[in-house]
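**Student:** Turn this into a structure:
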Amino acid sequence: MVDQSCFYERIGGQTEIVKLANQFYDVMQRDSVASHVLNLHPDDLTRSRKRLANYLCEWFGGPKLFGKSYVNPEWLKLRHQHLNIGLEERDQWMHCMTTAMRELNYDPDLQQELTNAFFEVAGFMRTRV
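**Tutor:** Numbers count the residues shown, from 1 in each chain. Presented below is the predicted three-dimensional model:
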């Protein structure tokens with residue numbers, strides 16, 4: 001797995017991670033190519049936005065906003081096991097995240113490293129082939 005613990009500072013801290021989480025969900029809501037992954041979420045994305053930002057802050061080596069015992073791949077997979085996540089949903093999720101990073105003008109090297117880290121987790125989250 002990619003060592004993501006240094007990403008917090010490289011991204012610019014909590015404020016920038018909140019921007020990433022919000023941009024991610026903005027992309028998901030506006031891009032029709034993300035319709036399946038959007039349908040896995042509640043209609044009101046307020047809580048989802050906050051939870052993603054808190055999770056990313058901690059996963060990237062920042063403050064413990066989510067709860068240390070929860071920031072691990074096994075817990076994340078367990079939390080999503082009730083959802084129908086396959087290759088299409090993984091790819092849609094990745095589309096939203098890579099588009100968000102591009103729209104926020106992330107450094108290309110950082111964006112590639114983050115894409116690699118996100119792809120590992122997104123692939124692990126699949127609940128079906």
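
**Student:** and the residue nearest to Q29 when sequence neighbours are not counted, what element?
**Tutor:** Distance criterion Cβ to Cβ, 6 or more residues apart in numbering; nearest residue to Q29, sequence neighbours excluded, is L38 at 6.6 Å. C-beta here means a position set from N, CA and C on the backbone, and glycine is covered the same way. Following DSSP states H and E, one finds L38 within helix 35-39.

**Student:** for that helix, packing partners?
**Tutor:** With contacts defined as 3 or more Cβ pairs under 8 Å, 6 or more residues apart in numbering; DSSP states H and E, helix 35-39 has these neighbours: helix 14-30, helix 87-103.

**Student:** can I get those helices in JSON lines with mean pLDDT, distance to S48 and mean neighbour count?
**Tutor:** Compiled in JSON lines, the helices and strands packed on helix 35-39 are given as follows (pLDDT from 0 to 100; distance: least, Cβ to Cβ, whole Å; neighbours: other Cβ atoms under 10 Å):
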{"stretch": "helix 14-30", "mean pLDDT": "98", "distance to S48": "7", "mean neighbour count": "18"}
{"stretch": "helix 87-103", "mean pLDDT": "95", "distance to S48": "12", "mean neighbour count": "18"}
